[in-house]
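1. Need the 3D shape of this:
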Amino acid sequence: MARDKGLEDLIRNDLPRGLSVTEKAMFGGMAWLVDGNLALGARGDGMLARLGKGNDAWAVALPDVGRMISAGRPMQGWVRAGPLAYGDDAVRARLIEAALTFVKGCRRRVSRGDDAASLEFLVPPRTRRAAPQKRVVSLFGIVWISLDSLDQNELFQ
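-> Below is the predicted model:
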């Protein structure tokens with residue numbers, strides 16, 4: 001599917017200044033992410049907007065706007081706006097505002113490139129499985145080994 005450079009420029013120009021938005025090539029088009037969460041997309045078949053489950057009824061009621069279809073199934077909370085919808089400045093601005101409002105309320109997604117110190121509260125500490133406790137018992141010259149949690153790999157090492 002071919003990219004729609006005109007739609008990409010419209011979305012880019014409508015995004016509010018000062019908002020930390022990442023622009024990334026995805027799905028054969030361009031996508032805009034806020035704090036790692038996908039908010040908007042532009043492809044040859046139209047503009048994609050993530051409005052959130054239960055927040056998309058008003059948008060679907062607009063002309064040339066429908067639910068996004070993926071693998072033959074409608075995706076709740078995602079809409080695709082065709083040229084008649086995204087060509088209208090007021091409709092496009094409302095879709096962009098609604099998508100950004102929804103995504104700002106989502107939990108921040110952490111990527112490997114983020115500063116670990118500033119994101120420490122978002123990433124749960126790694127838990128390490130405790131090593132099984134070995135007990136060696138000698139009874140009549142025979143050595144018995146008992147493990148609290150049996151791990152075959154440790155038996156033969």
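2. Arg3: neighbour count?
-> 14 (other C-beta atoms under 10 Å). Using the backbone N, CA and C atoms, a C-beta is placed for each residue, glycine as well.
3. That one against Ala42, yeah?
-> Yes - with contact defined as C-beta atoms under 8 Å, Arg3 counts as touching Ala42 (7.4 Å).
4. elements contacting whichever helix or strand Met68 is part of?
-> Assigned by DSSP states H and E, Met68 falls within strand 65-70. Strand 65-70 sits against helix 57-60, strand 73-81, with contacts defined as 3 or more C-beta pairs under 8 Å, 6 or more residues apart in numbering; DSSP states H and E.
5. Pick the most buried one from these.
-> strand 73-81 (a mean of 18; mean count of other C-beta atoms under 10 Å).
6. By mean pLDDT, which helix or strand of the chain comes out lowest?
-> helix 152-155 (a mean of 52; mean pLDDT, DSSP states H and E).
7. For this structure, which segments count as strands?
-> 21-26, 29-34, 37-43, 46-50, 65-70, 73-81, 134-139, 142-147 (DSSP state E).
8. correct me, but Gly82 touches Leu62?
-> No - with contact defined as C-beta under 8 Å, Gly82 does not count as touching Leu62 (10.1 Å).
9. one step back: how about the helices and strands packed on strand 65-70 in CSV, adding mean pLDDT and distance to Ser20?
-> Output for the helices and strands packed on strand 65-70, formatted as CSV (pLDDT from 0 to 100; distance: least, C-beta to C-beta, whole Å):
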stretch, mean pLDDT, distance to Ser20
helix 57-60, 94, 25
strand 73-81, 93, 22
